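S.K.: Quick one: sequence and predicted model below, then my questions.
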Amino acid sequence: MFLNYVTLQVSHAWAHRSNIVAYVAGDNSMAANTGQIGPDDEWLEKLDEPVLEPGIPVVDPHHHLWLRAGYSYLMPELAADISSGHKIVATVFAECHSMYRQDGPEEERALGETEFVTGQAAMSASGEFGPTRACQVMFGNVDMTLGDSVEPLLEKHITSSGGRFRGVRYSTGWDAHEKIRNVASDAGLLVDRRTKDAAAVLARMGLELDSWLYHPQLDEVAELADATPELTIVLNHVGTPILGGPYRGKRDEVFKDWREKILRVGERENVFVKLGALPIRMPDYEGDRSLPPGSEEVAAAWRPWIETCIEAFTPARSMFESNFPVQKRWCSYQVCWNAFKRIAADYSEQEKNNLFAGAAARAYRISGLSA
């Protein structure tokens with residue numbers, strides 16, 4: 001199911017067609033700031049589906065905005081996607097090394113992204129791009145190795161965001177094998193003493209921590225959750241299983257190991273999980289690649305991983321995510337949310353409310369939307 005996302009970075013030109021997704025990380029280019037190609041809009045437009053259950057309110061808890069490699073995904077492009085038929089009531093901007101300051105103290109350069117997002121949110125609030133409260137809240141990049149001295153920097157992000165800043169996205173993906181591209185500089189940064197000190201500051205300030213790492217590291221999430229039980233942690237991208245590099249050809253073995261770890265993390269009541277950022281078509285796919293995948297195909301590819309996460313965390317702490325525009329290289333926004341609705345078809349009304357809006361609203365304290 002998962003390949004090494006590094007393949008994607010090396011093979012931009014054809015990756016969107018074959019969907020050979022290097023999910024060593026769901027969006028490795030964001031952490032490395034290496035650029036991002038745009039989707040093939042003409043290819044995506046070859047498939048148009050009726051929107052399933054259009055009345056379900058949706059909070060999209062993970063998307064990006066940027067200018068990269070000549071590709072623009074800003075408020076107009078986001079608005080076009082979220083107006084495709086689903087009832088998107090609010091969105092959460094995810095840190096992606098966008099619009100950082102070019103000078104000043106290194107630890108303050110990420111404030112540029114917070115300022116940028118604040119401007120994009122103001123554009124949305126004008127109503128010119130529809131009723132969705134886009135970028136209603138955000139989480140950004142702060143150096144967690146600053147430890148308990150991180151508070152003044154967090155306060156600057158809160159001020160710069162006009163109160164939209166909800167916490168930090170900490171990307172700590174690391175694997176000892178040479179074929180795995182590491183996002184972090186060292187192993188174990190999520191459970192480093194400095195990180196735990198900074199996490200305590202986040203908790204005291206009422207902020208959250210988004211965690212993005214690789215599936216062999218999932219026990220680190222449990223350790224941090226135990227060390228700071230008052231901190232809300234949101235695990236990104238179903239815990240990012242890897243099937244590339246040394247894990248290639250070991251899908252069943254990886255799934256078993258990932259599942260055991262996910263179930264353990266899910267026992268921690270202060271941890272939520274995002275459901276998405278998954279590949280659809282694998283290299284051995286023999287179907288028609290001239291057309292983009294429909295929601296039935298997407299749901300079938302994603303179901304084992306997503307249903308396991310919902311089992312582990314319950315719908316109350318599970319939230320569907322678009323991960324756009326990264327995911328847009330393989331399916332449309334319309335198809336992405338239709339796939340989630342197919343997966344959630346047998347859940348109760350309250351469970352659907354949690355999966356599509358309630359869990360995200362609680363985790364990120366989005367006023368007026370919690371349930």
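M.R.: Received it, and whenever you're ready, just let me know what you need. Note that this is a predicted model, so its numbers are computed, not measured.
S.K.: Let me see the ranges of the strands in the stretch 1-150 of the chain.
M.R.: Under the criterion DSSP state E, counting those that start in this stretch, the stretch 1-150 of the chain contains strands at 57-63, 66-68, 71-73, 87-94, 133-140.
S.K.: Can you tell me the strand partners of the second one and which way each runs?
M.R.: Strand 66-68 pairs in its sheet with strand 71-73 (antiparallel), by DSSP bridges.
S.K.: Identify the residues contacting the partner strand?
M.R.: 36-38, 64-67, 324-325 (CB atoms under 8 Å, 6 or more residues apart in numbering). (Glycine included, C-beta is placed from N, CA and C.)
S.K.: so which of those residues comes closest to residue 150?
M.R.: Checking the contacts of strand 71-73 against residue 150 with CB to CB, the nearest one is residue 64 at 23.4 Å.
S.K.: Contacts only, for that closest one.
M.R.: Residue 64 is in contact with 27, 30, 73, 93-94, 96, 98, 324-326, counting by CB under 8 Å, 6+ apart.
S.K.: before we move on, what about residue 186?
M.R.: residue 174.
S.K.: From residue 174, how far off is it?
M.R.: Going from residue 186 to residue 174 by CB to CB, to the nearest Å gives 7 Å.
S.K.: just for the chain, where's the confidence low?
M.R.: Residue ranges of the chain with pLDDT under 70: 1-36, 283, 369-371.
S.K.: Run through the neighbouring helices and strands of the longest helix along it.
M.R.: Ranked by residue count, the top helix of the chain under DSSP state H comes out as helix 295-313. Using 3 or more CB pairs under 8 Å, 6 or more residues apart in numbering; DSSP states H and E, the elements in contact with helix 295-313 are helix 251-266, strand 271-275, helix 333-343.
S.K.: Phi and psi next, for residue 170.
M.R.: Main-chain torsions, residue 170, degrees, to the nearest 10: phi -110, psi 110.
S.K.: correct me, but it touches residue 146?
M.R.: No: Residue 170 is not in contact with residue 146 according to CB atoms under 8 Å; the separation is 11.8 Å.
S.K.: which parts of stretch 181-191 are buried?
M.R.: 181-184, 189-191 (16 or more other CB atoms under 10 Å).
S.K.: Out of these, which comes closest to residue 305?
M.R.: Nearest to residue 305 among these, with distances taken as CB to CB, is residue 183, at 20.1 Å.
S.K.: Give me the three-state assignment for that closest one.
M.R.: coil (DSSP: H, G, I helix; E, B strand; the rest coil).
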